[in-house]
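> Show me the folded form of this:
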Amino acid sequence: MTAIPGHATTYEIVQAGNGPAVKKGDSVTVHATGVVQQTSKKFWSTKDPGQQPFSYKAGVGSVITGWDQGCLGAQLGEVRKLSIPAHEGYGENGFPAWGIPPGGGLDFTIEVLSINNQKAEL
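The predicted model follows:
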């Protein structure tokens, strides 16, 4: 696992991408699957029936810190697994509605589908 400078979140590249990399302020669309580390329970996936890819603005705090910082530098088409400690996820309160316990760590698998409307070749 590779450390995110200045953060406790780490990442592993599952599948290399190519082309541009995610930078602060980019509009990014991803497939994402989140699992609670303590229970190995999936709490959310954009690949589940009825779900759509998720879009956000990178590096500006619109998603949890571990995800926000952990996706910076990911290339178009890259699949990256993030290991996010609680304090860079949902913190000491967790997110009970999603089954994330207080102090729960998270594993997210993120696939970068588009950056600023430039789509990955799948």
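
> So which residue is smack in the middle of the protein?
Within the chain, the residue whose C-alpha comes closest to the C-alpha centroid is residue 67; the distance, by C-alpha atoms, centre = their mean, is 4.1 Å.

> Other residues contacting the host helix or strand of residue 55?
Here residue 55 sits within strand 54-57, counting by DSSP states H and E. Contacts to strand 54-57, defined as C-beta atoms under 8 Å, 6 or more residues apart in numbering, come from residues 25, 26, 27, 28, 29, 30, 31, 32, 46, 62, 63. For every residue, glycine as well, the C-beta is placed using N, CA and C.

> Which one of those sits in the busiest neighbourhood?
residue 30 (26 neighbours; other C-beta atoms under 10 Å).

> So what are the sheet partners of the helix or strand containing residue 110 and their directions?
Following DSSP H and E, the helix or strand that holds residue 110 is strand 106-115. In its sheet, strand 106-115 lies beside strand 27-36 (antiparallel), strand 79-84 (antiparallel), strand 118-119 (antiparallel), with partners assigned from DSSP bridges.

> possible to save the contacts of strand 54-57 as a markdown table with distance to residue 40 and pLDDT?
Output for these, formatted as a markdown table (distance: C-beta to C-beta, whole Å; pLDDT from 0 to 100):
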| residue | distance to residue 40 | pLDDT |
| --- | --- | --- |
| 25 | 34 | 96 |
| 26 | 31 | 97 |
| 27 | 32 | 96 |
| 28 | 27 | 97 |
| 29 | 27 | 97 |
| 30 | 22 | 97 |
| 31 | 20 | 97 |
| 32 | 17 | 98 |
| 46 | 19 | 97 |
| 62 | 27 | 93 |
| 63 | 22 | 95 |
